[in-house]
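In: Just the structure for this:
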Amino acid sequence: HNVISLNLGGNGLRNSEIIGSVIECCTSLRHLNLSMNKLGDVGIESIAAAMKHCTSLAQLDLHDNSFTQAGASFLAASLHPCLESLDISDNSINDEGMTSLA
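Out: Coordinates of the predicted model:
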């Protein structure tokens, strides 16, 4: 699919496997907003795994998704150099989680 921008913010999404499948199909995706969905660490893990297929992603908004340093570590392992903007505000990421993203 040639989707460039996808905004799923504030939709109460819980099934991160379905979200991951959508992300994997949208290989030209540049902007992804999944804010305010309360995905938690498990959800972020699924999304991070799917993001490995989305190498064109430039902006990712994951604010207010109730994830911790564990979720931050999953993200750190999947981020590509083309990512220009990452919003992880309003989560429970401590210094350890921030260090993994640095």
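
In: After the lengthiest helix in the chain, which helix or strand is next?
Out: The longest helix of the chain (DSSP state H) is helix 40-51. Downstream of helix 40-51, the first helix or strand assigned by DSSP states H and E is strand 59-61.

In: Adjacent strands (with direction) for that next one?
Out: Take DSSP bridges as the rule and strand 59-61 pairs in its sheet with strand 31-33 (parallel), strand 85-87 (parallel).

In: For the chain, just list every one of the helices.
Out: Ranges of helices in the chain, per DSSP H, are 16-25, 40-51, 69-78, 95-101.

In: any chance of those in a markdown table, with mean pLDDT, distance to residue 32 and mean neighbour count too?
Out: (Glycine included, C-beta is placed from N, CA and C.) Formatted as a markdown table, these follow (pLDDT from 0 to 100; distance: least, CB to CB, whole Å; neighbours: other CB atoms under 10 Å):
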| stretch | mean pLDDT | distance to residue 32 | mean neighbour count |
| --- | --- | --- | --- |
| helix 16-25 | 84 | 7 | 17 |
| helix 40-51 | 92 | 8 | 21 |
| helix 69-78 | 93 | 12 | 20 |
| helix 95-101 | 83 | 17 | 14 |
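
In: and those as CSV, adding distance to residue 4?
Out: Compiled in CSV, those are given as follows (distance: least, CB to CB, whole Å):
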stretch, distance to residue 4
helix 16-25, 13
helix 40-51, 16
helix 69-78, 20
helix 95-101, 25
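
In: about what we covered before: which strands and helices sit next to the longest helix of the chain?
Out: In terms of contacts (3 or more CB pairs under 8 Å, 6 or more residues apart in numbering; DSSP states H and E), helix 40-51 is packed against helix 16-25, helix 69-78.

In: now these as TSV including distance to residue 43?
Out: What follows is the helices and strands packed on helix 40-51, written out as TSV (distance: least, CB to CB, whole Å):
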stretch	distance to residue 43
helix 16-25	4
helix 69-78	8
